[in-house]
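Asks: return a 3D structure for these sequence lines:
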Amino acid sequence: MMPYCWLIILLQRDARRRCRILQAAQTAGGGVHVAWASANETEILGFHVLRGESADGLFSAITPEMVQATMPGGSDGYSYSFVDTTADPARNYWYKLQVLTLDGGSEEYGLAAVVPAAK
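Replies: Alright, predicted model coming up:
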């Protein structure tokens with residue numbers, strides 16, 4: 001199994017600060033652990049993790065169903081995670097977070113890269 005490095009990108013472009021961080025790192029089992037935290041959940045229904053093969057390419061949802069917000073409509077923030085068990089350890093991947101809002105909308109946040117370490 002190839003070692004991976006990970007990037008953490010702070011999510012600061014949203015004036016409402018719905019999310020604080022997004023990070024991705026290889027797990028011991030070969031998947032990729034994607035973790036994030038909400039700043040608050042006043043407008044959040046849930047989340048989807050999106051994966052792409054380039055930073056500016058197409059992204060697709062890899063969560064089989066929505067990751068439910070812990071307290072939809074609440075003022076507190078919570079931590080979440082998802083393991084991408086379909087990731088190929090020899091490939092580069094980029095991850096984004098899709099936030100689903102209580103009004104039926106959605107927004108994308110962040111960009112975290114997982115790339116094989118140099119040999």
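
Asks: residue 46: which element?
Replies: Using DSSP states H and E, residue 46 sits in strand 44-52.

Asks: then that strand to CSV, C-alphas only?
Replies: Output in CSV follows, covering the C-alpha atoms of strand 44-52 (Å, rounded to 0.1, in the frame of the first residue of the first chain):
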residue,chain,number,x,y,z
ILE,A,44,-28.2,22.7,7.2
LEU,A,45,-30.2,19.6,6.4
GLY,A,46,-27.2,17.3,5.6
PHE,A,47,-24.2,16.7,3.4
HIS,A,48,-22.8,14.7,0.5
VAL,A,49,-19.1,14.0,0.0
LEU,A,50,-18.0,14.7,-3.6
ARG,A,51,-15.0,13.2,-5.3
GLY,A,52,-13.1,14.2,-8.5
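
Asks: low-confidence stretches in this structure?
Replies: Within the chain, the segments meeting pLDDT under 70 span 1-17, 117-119.

Asks: can you map out the helices along the protein?
Replies: Ranges of helices in the chain, per DSSP state H: none exist.

Asks: excluding its backbone neighbours, what's nearest the residue nearest the centre of the chain?
Replies: Geometric centre of the chain, nearest residue: residue 97, 4.1 Å, by C-alpha atoms, centre = their mean. Nearest residue to residue 97 in three dimensions, chain neighbours excluded: residue 109, at 4.7 Å (C-beta to C-beta, 6 or more residues apart in numbering). All C-beta spots, glycine's among them, are computed from the backbone N, C-alpha and C.
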